[in-house]
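A.B. asks: The sequence and its predicted three-dimensional model are supplied below.
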Amino acid sequence: MAENVNSAATTTTTTVSAPASTESTARKGSDVWKYFKKVNGEAKAKCDICQNLLAYRGRTTNLRDHIVAKHPLFYSPSSNNTTTKTSATTKKTQGTLSVKSKMCSEAESKAITECIFYMICADLSVKLEALHSLLQMKYSTCKGSLRTKLEESRNIALTTDIWPSRAVEAYITVTAHFFDSSWKLNAYVLETTAFPERHTGVEIAAKLQDIVDDFNINSHISVIVHNQTANMLSSLDILDSKRGWKSLNCVAHCLQLCLKPGFEIAAISRFMSPARKFIGHFNHSVVATEALKRKQQQMSTDSNCKFEKLIKDCPTKWNPSFLMLQPDDTVTKRSDRYLDLKGEQWEIASELVKALKPFDVATTFFSYEESPSISCVLPILHGIVQSLSAVVDEPSVIHKFKEEVSGEIKRRWSFDAFTYDTILLLSLMLDPRFKSLSFITDPDIKESIKEEVLSRMEKIKEKERSSKYRD
């Protein structure tokens with residue numbers, strides 16, 4: 001293929017190059033021979049631009065007509081073979097294409113494309129078949145540099161997820177997070193690869209092991225952050241027993257799961273359906289959207305107010321219901337609405353937004369990649385539970401919603417039994433902001449956490465002493 005393109009491009013560059021010398025043109029008697037070659041004796045002439053054959057019996061009128069009609073971009077008539085002074089502009093542009101505001105024929109477009117393609121490849125001094133090798137070389141260089149950084153880091157946290165593409169093909173992504181020697185938090189994608197196998201715990205565990213082994217960081221893994229699907233939990237149990245890798249649930253994902261029982265309450269579920277229809281009406285109608293814009297402008301005191309687009313909830317997004325229900329005064333003002341819900345439904349929406357606001361703030365905070373947030377997990381969760389406490393005169397359905405969600409948070413993080421994840425407790429204890437463990441009332445639990453921290457510190461010191469002794 002490369003050879004065909006090169007040959008075609010070579011023909012094109014010859015065609016659009018500077019006109020033939022005066023001697024060559026004079027020898028053939030007409031300037032049209034810059035664009036044609038005689039073939040089959042003297043009976044036919046071949047166009048160098050479109051490769052068509054035209055009859056030639058001593059006169060070039062039909063050849064010139066062909067160039068003028070079919071290839072006007074290339075045709076530059078001579079001045080009746082008289083010598084004229086060539087302007088500086090002509091000299092400068094001679095041998096190049098003069099692009100005009102005219103449509104190119106299919107043959108011309110193809111010729112120009114091949115010409116440009118050839119010039120790019122020639123400039124790079126490589127062939128197409130070498131491109132793959134160049135990419136592989138670049139990948140190997142970057143991977144080697146990353147491998148060196150990973151080996152220098154003693155503790156690495158991994159995040160992993162399995163996700164579908166738009167073509168409904170499964171992929172797995174593994175990202176490494178670690179601090180470098182200057183205490184800067186780094187995040188690198190180790191691999192994003194197709195995962196056509198069945199997503200069983202065994203297959204996921206095998207894939208994660210292969211990726212980690214490829215970078216030779218088995219002993220550096222401190223924790224793997226993951227979602228709470230059954231197959232992922234099964235794979236992490238396998239990795240814990242085989243390699244001792246600890247796991248930690250993604251807090252943002254867990255918070256979304258905690259909201260699910262609340263939205264399954266019959267009264268909430270019945271309300272969400274017309275709310276989706278309400279927003280779907282505007283999302284599927286240009287006329288309705290324009291009417292909504294006009295209403296917002298009429299009801300706003302700010303002449304430069306920005307149009308607030310309504311968002312329909314989507315299960316794949318964080319806080320989808322909050323984004324959908326979050327009211328804007330210009331939309332939900334009761335005195336004048338374009339498409340209304342019932343009064344009690346607006347009240348439920350308003351109270352739901354207040355209850356969901358802490359979840360939106362927490363999810364945004366935990367999604368921040370510039371600094372670690374693990375030490376803030378338990379304090380934030382306790383803050384959310386406090387925000388879900390009952391309020392006087394609130395609708396009964398909102399009170400039930402808060403109870404369901406609060407209970408789900410306590411169940412998933414074992415609040416009542418105070419059997420928190422060891423990693424969460426250790427990070428909490430080591431953060432000066434929370435080391436007092438004020439929300440833990442049991443003194444025995446506080447003491448056990450301190451003992452665990454001291455024990456681990458002694459192990460680190462012993463390891464450092466052993467290393468110095470060996471040196």
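C.D. replies: Noted; the coordinates are in hand.
A.B. asks: before we move on, what SS does the residue nearest to Asn227 when sequence neighbours are not counted have?
C.D. replies: Once its chain neighbours are removed from consideration, Asn227 has its nearest residue in His253; the separation is 4.7 Å (Cβ to Cβ, 6 or more residues apart in numbering). Any C-beta I mention is one placed from the backbone N, CA and C, and that applies to glycine too. Look at His253: counting by DSSP: H, G, I helix; E, B strand; the rest coil, its state is helix.
A.B. asks: Verify the contact between His253 and Gln228 for me.
C.D. replies: Yes. Judged on Cβ atoms under 8 Å, His253 makes contact with Gln228 at a distance of 6.4 Å.
A.B. asks: who has more neighbours, the two?
C.D. replies: Comparing His253 with Gln228 by neighbour count (other Cβ atoms under 10 Å), the higher total belongs to His253, at 18 against 13.
A.B. asks: what's the spacing between that one and Lys260?
C.D. replies: As for His253, its distance to Lys260 is 11 Å (criterion: Cβ to Cβ, to the nearest Å).
A.B. asks: Same question for Ser165.
C.D. replies: Using Cβ to Cβ, one obtains 26 Å as the distance from Ser165 to Lys260.
A.B. asks: Among these two, which residue is more densely surrounded?
C.D. replies: For Ser165 versus Lys260, the count of surrounding residues by other Cβ under 10 Å is larger for Lys260: 12 against 9.
A.B. asks: Quick check: nearest residue in space to that one, chain neighbours excluded?
C.D. replies: Lys260 sits nearest to Glu408 (Cβ to Cβ, 6+ apart), 7.8 Å away.
A.B. asks: Check the contact between that neighbour and Cys258; I expect there is one.
C.D. replies: Yes. Glu408 is in contact with Cys258 according to Cβ under 8 Å; the separation is 4.2 Å.
A.B. asks: Between those two, which has more neighbouring residues?
C.D. replies: Counting neighbours by other Cβ under 10 Å for Glu408 and for Cys258 shows that Cys258 has the greater number, 22 against 18.
A.B. asks: Isn't Ala107 up against Cys47?
C.D. replies: No. Counting by Cβ under 8 Å, Ala107 does not reach Cys47; the two are 9.4 Å apart.
A.B. asks: Model confidence for Cys121, exactly?
C.D. replies: Per-residue confidence (pLDDT) for Cys121: 64.
A.B. asks: same question, the one 10 residues further on
C.D. replies: For Leu131, the model assigns a pLDDT of 71.
A.B. asks: before we move on, what about Asn6?
C.D. replies: The pLDDT attached to Asn6 in the predicted structure is 42.
A.B. asks: Okay, and Lys295 sits in which element?
C.D. replies: Using DSSP states H and E, Lys295 sits within helix 286-299.
A.B. asks: Now that helix - C-alpha only, PDB.
C.D. replies: Output of helix 286-299 as PDB, limited to C-alpha atoms (Å, rounded to 0.1, in the frame of the first residue of the first chain):
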ATOM      1  CA  VAL A 286     -36.700  22.900  21.400                       C
ATOM      2  CA  VAL A 287     -39.800  25.000  21.600                       C
ATOM      3  CA  ALA A 288     -40.300  24.200  25.300                       C
ATOM      4  CA  THR A 289     -36.600  24.900  26.100                       C
ATOM      5  CA  GLU A 290     -36.800  28.300  24.400                       C
ATOM      6  CA  ALA A 291     -40.000  29.100  26.300                       C
ATOM      7  CA  LEU A 292     -38.200  28.100  29.500                       C
ATOM      8  CA  LYS A 293     -35.400  30.500  28.700                       C
ATOM      9  CA  ARG A 294     -37.800  33.400  28.100                       C
ATOM     10  CA  LYS A 295     -39.500  32.600  31.400                       C
ATOM     11  CA  GLN A 296     -36.200  32.600  33.300                       C
ATOM     12  CA  GLN A 297     -35.200  35.900  31.800                       C
ATOM     13  CA  GLN A 298     -38.600  37.500  32.600                       C
ATOM     14  CA  MET A 299     -38.500  36.300  36.200                       C
END
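A.B. asks: low pLDDT regions in the stretch 51-200 of the chain?
C.D. replies: Screening the stretch 51-200 of the chain residue by residue with the criterion pLDDT under 70, one finds the ranges 73, 75-104, 119-130.
A.B. asks: give me the low-pLDDT residue ranges for the stretch 351-471 of the chain?
C.D. replies: Counting by pLDDT under 70, the ranges of the stretch 351-471 of the chain that qualify are 416-419, 470-471.
A.B. asks: ok, which stretches of it are strands?
C.D. replies: Per DSSP state E, counting those that start in this stretch, the stretch 351-471 of the chain has no strands. Nothing in it meets that criterion.
A.B. asks: Which parts of it are helices?
C.D. replies: 377-387, 396-412, 422-430, 443-470 (DSSP state H, counting those that start in this stretch).
A.B. asks: Okay, angle between the first one and helix 422-430 too, please.
C.D. replies: Same thing as helix 377-387. Between helix 377-387 and helix 422-430, the angle comes out at 90 degrees (axes from the mean of the first three to the mean of the last three Cα atoms, to 10 degrees).
A.B. asks: Remind me what helix 377-387 packs against, helices and strands.
C.D. replies: Applying 3 or more Cβ pairs under 8 Å, 6 or more residues apart in numbering; DSSP states H and E, we find helix 377-387 packed against helix 251-263, helix 343-366, helix 396-412, helix 422-430.
A.B. asks: you'd agree Tyr188 is in a strand?
C.D. replies: Yes. Assessed with three-state DSSP, Tyr188 lies in a strand.
A.B. asks: That one reaches Val174, doesn't it?
C.D. replies: No. Taking contact to mean Cβ under 8 Å, the distance of 9.9 Å between Tyr188 and Val174 leaves them out of contact.
A.B. asks: neighbour count winner among these two?
C.D. replies: Counted by other Cβ under 10 Å, Tyr188 and Val174 do not tie: Val174 has more neighbours, with 20 against 16.
A.B. asks: OK, contacts around that one?
C.D. replies: Contacts were defined as Cβ atoms under 8 Å, 6 or more residues apart in numbering; by that measure Val174 touches 158-160, 189-192, 208, 211-212.
A.B. asks: one more time with 10 Å, if that's ok
C.D. replies: Contact criterion Cβ atoms under 10 Å, 6 or more residues apart in numbering gives 158-161, 188-193, 207-208, 211-212, 215, 224 as the residues in contact with Val174.
A.B. asks: Which of those fall in helices?
C.D. replies: Applying DSSP state H to those, the entries found in helices are 207-208, 211-212, 215.
A.B. asks: count of residues packed around Phe322?
C.D. replies: Phe322 is surrounded by 21 other residues when neighbours are defined as other Cβ under 10 Å.
A.B. asks: Surely it is in contact with Leu352?
C.D. replies: Yes. Contact criterion Cβ atoms under 10 Å: Phe322 and Leu352 qualify, at 8.1 Å.
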